[in-house]
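**Q** Okay, predicted coordinates and the sequence, questions at the end:
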Amino acid sequence: MADDTFCDVEKMVNDGLHSMVLAIGYKVGIVTVIMDSVEPCTAEEISIKANLNKRYVEEWLICMTAKGVVKIDDGKYYFPNKKQIREAAFISTMLPIFAECFPNLENVMKNKTENKGYPFSQKALVWEGQYKELSSFHDVTWLEYNIKPVINAYFIDRKINAETFNILDFGCGYGKLAFSLAKTYSNGLIWGVDIDEVAIDACRNKAQKTSCSNVFFEKIVGNMPDFWKDKHDKFDIIIMSDVLHDLPDPNTIMANFRIILKPGGYVITFDPPVYSDHKKNVGYKDAIEFMPYSLFTCLPNSMSQKPAIGHGIGWGFEDKLKYIESQGFQVLALDGEDVKFPKWRIVFKKSV
Ligand SMILES: C[S@@+](CC[C@H](N)C(=O)[O-])C[C@H]1O[C@@H](n2cnc3c(N)ncnc32)[C@H](O)[C@@H]1O
């Protein structure tokens, strides 16, 4: 019987090599020059505009033309599909960041006696922030589908019409979500917190520059001991976007959430919806797309400190649901959705 999940491994490896070529082209500016040119360009024109050595530019163009990423007509080069290439070329720049993880990853994989890992690198976090800015993640339309129905359900559930309300974006990174929330909900006060100081500084600078007065950023240490002290019953909504599966000590964080959430407050977590049952991931788009990030960054981060729980994206949806309930929360079915069906968003509140 033919196996339709068979992977052409040779092609996969060759595609990986071409992705590296795309990544260097993006880094040195060739991709942007071709992208921004209204008309197709010669190699010489591209090398002048990108301020690069012409011979290297030619080699890059031969490589990408052979693969079909770049098209050639009358000795002039262009992209056939600019929209797709802009985002894909940016994503390819994660490859050298993965490559830099190799020595650390080798070490922790060889440690059979203890679960060890390493925190997100600065480069990986900057990449994530830039990716969010470039993509439609966390923009106004995204909020409309992913956050607004939850906030509406929360107010209906609590039978209140809040004049103002407090949202915590836990693990906010470079802050696109926090800023979008602040812009959309002028009657909301938004707190973004993260353990990464550089990201928090960047968010604060942006808040100052944009005169955004309803968003606040705070660096937290470890499992937020200082942050939560004066914030009992403070938050209506807590959001974790791409964070829960990364945490080395989620039990302590979830216990703190129970303290800082208002009675009846909601938590929203977003994680790639990979199955916990490995067999179901065979050929499954989201597992194929997101698992490489987990091996190089998410899983090591969730093993970077004790108790080094080691969730990562491969933890999966079914086990995450059981975990949330084991921590004293009740998973909510909004608009009658099937809570057992894997999806990015899970909404929950304290069990009574
Ligand atoms: C994958 S990034 C997601 C960033 C952002 N939420 C987004 O969606 O773009 C994970 C974030 O969680 C933060 N993080 C990891 N462990 C944390 C902890 N114990 N407390 C707070 N933030 C943490 C990281 O610094 C990083 O910014």
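**A** Good, I have the coordinates.
**Q** residues touching Ser241, list them.
**A** Contact analysis of Ser241 by C-beta atoms under 8 Å, 6 or more residues apart in numbering lists His138, Asp169, Gly171, Leu177, Thr269, Phe270. For glycine as for every other residue, the C-beta is placed from the backbone atoms N, C-alpha and C.
**Q** Tell me the spacing between Met224 and Met20.
**A** Computed as C-beta to C-beta, to the nearest Å, the Met224 to Met20 distance reads 39 Å.
**Q** Can you name the next helix or strand after the top helix by length along the chain?
**A** Longest helix in the chain by number of residues, with DSSP state H as the criterion: helix 9-28. Of the helices and strands lying after helix 9-28 in sequence (DSSP states H and E), the nearest is helix 30-36.
**Q** What degree of burial does Met303 show, as a neighbour count?
**A** 22 (other C-beta atoms under 10 Å).
**Q** Compare Met224 and Met20 (neighbour count), which wins?
**A** Neighbours per residue, other C-beta under 10 Å: of Met224 and Met20, the larger number sits with Met224, 20 against 14.
**Q** Backbone dihedrals for the more buried one, please?
**A** With angles defined as degrees, to the nearest 10, Met224 sits at phi 60, psi 40.
**Q** what about stretch 244-261, near the ligand?
**A** Yes - using C-beta under 6 Å from any ligand atom, we find that stretch 244-261 touches the ligand at Asp246, Leu247.
**Q** how distant is that stretch from the center of its chain?
**A** Taking C-alpha atoms, centre = their mean, to the nearest Å, one finds the center of stretch 244-261 at 19 Å from the center of the full chain.
**Q** and that stretch, C-alpha only, in PDB?
**A** Output in PDB follows, covering the C-alpha atoms of stretch 244-261 (Å, rounded to 0.1, in the frame of the first residue of the first chain):
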ATOM      1  CA  LEU A 244       2.500  28.500  28.400                       C
ATOM      2  CA  HIS A 245       4.400  25.700  26.700                       C
ATOM      3  CA  ASP A 246       7.700  27.500  27.100                       C
ATOM      4  CA  LEU A 247       7.600  27.800  30.900                       C
ATOM      5  CA  PRO A 248      10.000  25.800  33.100                       C
ATOM      6  CA  ASP A 249       7.800  26.200  36.200                       C
ATOM      7  CA  PRO A 250       4.200  26.700  35.000                       C
ATOM      8  CA  ASN A 251       2.700  25.400  38.300                       C
ATOM      9  CA  THR A 252       3.900  28.500  40.200                       C
ATOM     10  CA  ILE A 253       2.800  30.800  37.400                       C
ATOM     11  CA  MET A 254      -0.700  29.300  37.400                       C
ATOM     12  CA  ALA A 255      -0.900  29.500  41.200                       C
ATOM     13  CA  ASN A 256       0.000  33.200  40.900                       C
ATOM     14  CA  PHE A 257      -2.600  33.700  38.200                       C
ATOM     15  CA  ARG A 258      -5.300  32.400  40.700                       C
ATOM     16  CA  ILE A 259      -4.200  35.200  43.000                       C
ATOM     17  CA  ILE A 260      -4.000  38.100  40.600                       C
ATOM     18  CA  LEU A 261      -7.200  37.200  38.600                       C
END
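**Q** Now do that stretch, average pLDDT.
**A** Across stretch 244-261, pLDDT averages out at 96.
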